[in-house]
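[1] Using only what follows, build the 3D model:
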Amino acid sequence: MKLNLPEVGYLRLSQILNIIPISKSAWWEGCRSGLYPKPVKLGPRTTAWRVEDIRELMERINKESLYE
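    Residues are numbered from 1 along each chain as shown. Reported below is the predicted structural model:
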């Protein structure tokens, strides 16, 4: 499956959860614990994550799954 992620920019939570199939609460807990990237506040009611950080997370997950 080929993902059409932009090279730079931001992703909203719904976009991330389409890529990484976990619950919202698990995602937020991972952000709090440092397992997942920290969010960026783009406005008072807008939170997003840097595409670069999500790409790094995906690479880390892929590498870890190879060694399990």
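
[2] Skipping its backbone neighbours, what lies nearest the residue nearest to the spatial centre of the chain in space?
    With distances taken as Cα atoms, centre = their mean, the residue of the chain nearest its centroid is Ile54 (4.2 Å). Distances taken as Cβ to Cβ, 6 or more residues apart in numbering put Leu11 closest to Ile54, at 5.8 Å, once the chain neighbours are dropped. Backbone N, C-alpha and C define where each C-beta goes, glycine included.

[3] Ile19 versus the one you found, what's the distance?
    8 Å (Cβ to Cβ, to the nearest Å).

[4] same thing with Ser65?
    Taken as Cβ to Cβ, the span from Ser65 to Ile19 is 15 Å.

[5] now swap in Ser33 and tell me
    From Ser33 to Ile19 the distance is 19 Å (Cβ to Cβ).

[6] unless I'm mixing things up, Pro39 is touching Trp49, no?
    Yes. Contact criterion Cβ atoms under 8 Å: Pro39 and Trp49 qualify, at 5.7 Å.
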